[in-house]
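> kindly generate the corresponding structure for this input.
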Amino acid sequence: MKALFALILAAGSLTAAGAIALRLWIDLGDVEISRNGWLALTAGGLLTLALGGGLMALVFLSSRRGHDEAHHDQGAFRVPPPCAPARPPRRRESGDSET
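Predicted coordinates:
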């Protein structure tokens, strides 16, 4: 039931965002982008893809060389021991000072 609700919510959000984007696109009318604008748009897109690809390559390289296993062997994913029961708060005496 939760999965269905999440799916409906995601689809509704995506549909709303698409409708807003389409309305804004239509309202813009005839807008031209200069040569420098196209150059900046292209460079930004390519650099973003290169950065994402490079970071993913580093993740796979690190995993294949076993660097991740050394971290996992240190027990970083151990289940912590249960906490001790909480003690009731100490009553203040009339002579105690607040710090």
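> what number of residues lie near G12?
Residues lying near G12 (other C-beta atoms under 10 Å) number 10. (C-beta placed from N, C-alpha, C; glycine too.)
> as a whole number, average confidence for the longest helix seen in the chain?
Of all segments of type helix in the chain, defined using DSSP state H, the longest is helix 35-64. Averaged over helix 35-64, pLDDT sits at 95.
> so how far is it from its chain's centroid?
Helix 35-64 sits 18 Å away from the centroid of its parent chain (C-alpha atoms, centre = their mean, to the nearest Å).
> check stretch 9-16 too.
19 Å.
> try stretch 47-65
That offset, for stretch 47-65, works out to 17 Å (C-alpha atoms, centre = their mean).
> hmm, who's touching it?
Here stretch 47-65 makes contact (C-beta atoms under 8 Å, 6 or more residues apart in numbering) with D68.
> which positions in that stretch come out as buried?
For stretch 47-65, burial by neighbour count (16 or more other C-beta atoms under 10 Å) applies to no residue.
> and that stretch, C-alpha only, in CSV?
In CSV, the C-alpha atoms belonging to stretch 47-65 read as follows (Å, rounded to 0.1, in the frame of the first residue of the first chain):
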residue,chain,number,x,y,z
LEU,A,47,31.4,19.2,-18.2
THR,A,48,28.5,17.9,-16.1
LEU,A,49,28.5,14.6,-17.9
ALA,A,50,32.3,14.3,-17.7
LEU,A,51,32.3,15.0,-14.0
GLY,A,52,29.5,12.5,-13.4
GLY,A,53,31.2,9.9,-15.5
GLY,A,54,34.6,10.5,-13.8
LEU,A,55,33.1,10.2,-10.3
MET,A,56,31.3,6.9,-11.3
ALA,A,57,34.6,5.6,-12.7
LEU,A,58,36.3,6.3,-9.5
VAL,A,59,33.6,4.5,-7.5
PHE,A,60,34.0,1.4,-9.7
LEU,A,61,37.8,1.6,-9.6
SER,A,62,37.8,1.9,-5.8
SER,A,63,35.5,-1.1,-5.5
ARG,A,64,37.4,-3.3,-7.9
ARG,A,65,40.8,-2.6,-6.2
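> helix/strand/coil for D30?
Of the three states, D30 takes coil under DSSP: H, G, I helix; E, B strand; the rest coil.
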